[in-house]
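K.L.:
Fold the following, please.
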Amino acid sequence: MPEYGKLRDYVSHRVTFDFDTGARIVGYITSCKPPTGPVQVVAMARVDILDATGRVLEHHEEFSFVPNALVGFRVTEGPSGREVVGTPP
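P.N.:
Numbering: from 1, shown residues only. Below you'll find the model as predicted:
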């Protein structure tokens, strides 16, 4: 497990975040939130999001993201996925 608190040491540095798919986020860390305790959000500037081949997918002047490991996801709005196609409501 990465030591996320160390990210505060990299404020004003250009860093690369690598993901299991080969995608990368590259940019300058401007701050970590909250200011103390476990880092939950990293704010960055001049950010490129690259695919596994190194192609730039997006560029952002400012970008915030959660640098922690994803533990799951779920639908919070919209179709629930419980409806079976072809059955009456």
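K.L.:
Which pLDDT does the model give the spatially most central residue of the chain?
P.N.:
Central residue of the chain (CA atoms, centre = their mean): residue 65, 4.1 Å from the mean position. Looking at residue 65, its pLDDT reads 94.
K.L.:
How about the contacts made by it?
P.N.:
Residue 65 sits next to 25, 41, 42, 44 when contact means CB atoms under 8 Å, 6 or more residues apart in numbering. For the C-beta atoms, the positions are set from N, CA and C on the backbone; glycine is no exception.
K.L.:
10 Å instead, please
P.N.:
17, 25, 27, 41, 42, 43, 44, 47, 49 (CB atoms under 10 Å, 6 or more residues apart in numbering).
K.L.:
what pairs with the fourth one across the strands?
P.N.:
To tie it back to what came earlier, the one meant is residue 41. Note on residue 41: beta-bridge partners by DSSP bridges are residue 33.
K.L.:
Touching, it and residue 32? I think so.
P.N.:
Yes. Shown here, residue 41 and residue 32 form a contact pair, counting by CB atoms under 10 Å, at 7.2 Å.
K.L.:
more crowded one of these two?
P.N.:
residue 32 (23 against 13; other CB atoms under 10 Å).
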